[in-house]
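Trainee: predicted model follows, preceded by the sequence.
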Amino acid sequence: MPGFSVATRVLTGRREVGARSALRSCCGLLAGDVAPQVYVKGPVSPRETMNAPKTPRDDAPHAGDAPHAGQVAPNPELRDTRTHENLRAAFSVDSQAVRMWEYFGRIAEIEGYPDVARTFRELAESQAVNAHGHLDFLMRAGEPLVGLPLGETAQNVRAAVAVQQHDAKDVLPDMARTARAEGFMDIASWFDTMVLSRKHHERRLADALAQLAPGKGSAS
């Protein structure tokens, strides 16, 4: 079937995950479920889109064709669009869900419900694949919180440092002040502790950045 690829594979970095495990992750299938054959047009991930060979299509515009009403230019600028905001929101929701399911799984394990714990862990894995998919697209516009370029390791580390600095300097202290003003002293103390944690993370990331070759992964 020309121009179509079977969505039974997921690329995680440069490692290809098998069809069944990929569908379990993407579609939330659990053990014993039948994995459907799903067809999607074109490559199945942004990374594949960048590396996929360009093949002519019947509906592709030809040289000299004028854009018609409602036609959108290929690969428009993502930053500051409604779609960009939607991707950020979806990434936030799925990222939070991953940690929540993992936490609920630990509670279920402690309470003696191993099957429920396994279900939460599998759902967390599925939700993590979703979050990574959102992030693949978000990388076109930079890191979701501070907007710095992403892609190569040095860029990713610099963005991570900026996020930790932003949290420690602005976000968490303001949260702590609000909690104190509202009388939640234990929560304010927790936010204060998180400031120290962010500063520790920042130092570790700075050390990691220093280990990289000079100029490697610099923003273009």
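Mentor: Ah, there it is. All of these numbers come straight from a predicted model, not from anything done at the bench. Numbering: from 1, shown residues only.
Trainee: what packs against the lengthiest helix in the chain?
Mentor: Ordering each helix of the chain by length in residues (DSSP state H) puts helix 82-110 first. Judged by 3 or more Cβ pairs under 8 Å, 6 or more residues apart in numbering; DSSP states H and E, the packing partners of helix 82-110 are helix 114-138. In short, each C-beta sits where N, CA and C put it, glycine included.
Trainee: and the helix it packs on, what's buried?
Mentor: Going by neighbour count (16 or more other Cβ atoms under 10 Å), the buried part of helix 114-138 is 117, 119-138.
Trainee: before we move on, what about stretch 139-147?
Mentor: Within stretch 139-147, the residues that count as buried by 16+ other Cβ under 10 Å are 139-144, 146.
Trainee: I'd like the residues you listed laid out as CSV, including secondary structure, pLDDT and distance to residue 160.
Mentor: Output for the buried residues of stretch 139-147, formatted as CSV (DSSP: H, G, I helix; E, B strand; the rest coil; pLDDT from 0 to 100; distance: Cβ to Cβ, whole Å):
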residue, secondary structure, pLDDT, distance to residue 160
139, coil, 89, 13
140, coil, 89, 18
141, coil, 88, 17
142, coil, 85, 13
143, coil, 85, 8
144, coil, 80, 12
146, coil, 83, 9
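Trainee: so where's this protein uncertain?
Mentor: 1-75, 213-220 (pLDDT under 70).
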